[in-house]
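Chemist: give me coordinates for this.
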Amino acid sequence: MMAVPETRTAPLKQDGGSAPKVVTTRRPLRWVAALVVVVLLAMVVNALVTNSAWEWDVVGAYLFAPSVVRSVLLTMELTALGIVLGFALGTVLALMRLSANRLLSSVAWGYVWLFRSVPLILQLLFWYNLALLYPRLSFGVPFGPGFFDVGTMDLISPLAAAALGLALHQAAYAAEIVRGGLLSVDPGQREAAAALGIPRARRLLRIILPQAMRTIVPNAGNEIIGLVKGTSVVYIMALPELFYQVQVIYNRNGRVMALLLVAAIWYLILTTVLSIGQYYIERYYGRGRS
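Modeler: Here you go, the predicted model:
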């Protein structure tokens, strides 16, 4: 509901010949608070501009440096892989959690419990060092003879290990987001669709999921933005993503704050673009909501 400014109405004259006069209530403290905020913002801007230690010329020189741009592209690639694979698996897990089959529901619950309990950095290190446990991976009949095998190091590269770790970690959170969105839909919608004889898959894709997206999108947007910043964890695998690359550069030239600012600016750009996309997707799925 839109807030209406508080007003006061002047009293009518006794003869009734004067129209009422509406006077807006004055709130001087609001102007004082706004002035304080403006002064603080001006102080922050002044500190950023006038302090030569920020080395804005160095920031400008490295902001679009080829190595930095390549690291940004790798960060975007890891984010895309983590989100696409994570939400695909998370959707399957959410449907398993909602299944009447106790085994499927229990397995999905166990997956969510495990991957939400273990820190992301440990998961990445586990997949990165999987060859220590299984030097070779065999493919064949389960519990039977294998047709061929391949070296784990050849199959799971550092990039594949990073994407796998991010996707499996993200799937646990995506499962709860999707499950919450599906549960937010009025059960009467499911019952009405079932009464009309609509197939179950069509019910899910055309009736339930579009309504659930109103709840899913805001939470999913937060997770995607969080994953953009979470890709910085893969620096432990020596992958040249954004955070790792600026570390390499400032360890070489000693311009620590300037290079950290370069990384901060790129993260701000990426998250801003994603936030704008989230806004339009929310508006699309929010059509018709009063």
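
Chemist: when you work out contacts or count neighbours from here on, use the C-alpha atoms and nothing else.
Modeler: Noted.

Chemist: what are the buried residues along stretch 178-196?
Modeler: Buried residues in stretch 178-196, counted by 16 or more other Cα atoms under 10 Å: Val178, Arg179, Gly180, Gly181, Leu182, Ser184, Val185, Arg190, Ala193.

Chemist: stretch 112-124 too?
Modeler: Quick answer for stretch 112-124 (16+ other Cα under 10 Å): Val112, Phe115, Arg116, Leu120, Ile121, Gln123, Leu124.

Chemist: could you dump these to a markdown table with secondary structure?
Modeler: What follows is the buried residues of stretch 112-124, written out as a markdown table (DSSP: H, G, I helix; E, B strand; the rest coil):
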| residue | secondary structure |
| --- | --- |
| Val112 | helix |
| Phe115 | helix |
| Arg116 | helix |
| Leu120 | helix |
| Ile121 | helix |
| Gln123 | helix |
| Leu124 | helix |
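
Chemist: contacting residues around stretch 214-230?
Modeler: 75-76, 79, 82-83, 174, 177-178, 180-181, 184, 267, 270-271, 274-275, 278, 281-282, 285-286 (Cα atoms under 8 Å, 6 or more residues apart in numbering).

Chemist: so what does whichever helix or strand Val150 is part of touch, helix or strand wise?
Modeler: Secondary-structure element containing Val150, defined by DSSP states H and E: strand 146-151. On a contact count with 3 or more Cα pairs under 8 Å, 6 or more residues apart in numbering; DSSP states H and E, strand 146-151 meets strand 136-140.

Chemist: could I get the full set of strands for this protein?
Modeler: 7-9, 22-24, 136-140, 146-151 (DSSP state E).

Chemist: circling back: just the buried residues of stretch 178-196: which has the poorest pLDDT?
Modeler: Least confident of these in the model: Arg190, at 75.

Chemist: residues contacting it?
Modeler: Counted by Cα under 8 Å, 6+ apart, Arg190 has contacts Arg203, Ile208.

Chemist: that one and Tyr285, how far apart?
Modeler: According to Cα to Cα, to the nearest Å, Arg190 stands 19 Å off from Tyr285.

Chemist: cool, and Val44?
Modeler: Distance from Val44 to Tyr285, by Cα to Cα: 38 Å.

Chemist: neighbour count for these two, which is higher?
Modeler: Higher neighbour count among Val44 and Tyr285: Tyr285, with 16 against 11, using other Cα atoms under 10 Å.

Chemist: wait, that one sits on Gln278?
Modeler: No - between Tyr285 and Gln278 there is no contact under Cα atoms under 8 Å: 10.7 Å.

Chemist: separation between Ser105 and Ile249?
Modeler: 48 Å.

Chemist: check Ala61 and give its pLDDT.
Modeler: 91.

Chemist: Ser157 now?
Modeler: Ser157 is given a pLDDT of 85.

Chemist: what sits against it?
Modeler: Tyr128.

Chemist: look up phi and psi at it.
Modeler: phi -80, psi 170 (degrees, to the nearest 10).

Chemist: and for Leu133?
Modeler: Dihedral pair for Leu133: phi -90, psi -40, per degrees, to the nearest 10.

Chemist: now do Thr25
Modeler: phi -70, psi 130.

Chemist: from Val32, how far out is it?
Modeler: 16 Å.

Chemist: just Thr271 next, same as before
Modeler: 32 Å.

Chemist: okay, these two: which has more neighbours?
Modeler: Thr271 (19 against 11).

Chemist: and the pLDDT at the more buried one?
Modeler: For Thr271, pLDDT reads 93.

Chemist: which non-adjacent residue is nearest it?
Modeler: Closest residue to Thr271 apart from its sequence neighbours, by Cα to Cα, 6 or more residues apart in numbering: Ile225 at 5.8 Å.

Chemist: OK, contacts around the closest residue to Pro210 other than its chain neighbours?
Modeler: Take Pro210 and drop its neighbours on the chain: the residue closest to it by Cα to Cα, 6+ apart is Tyr285, 7.1 Å away. When the contact criterion is Cα under 8 Å, 6+ apart, the partners of Tyr285 are Pro210, Gln211, Met213, Arg214.
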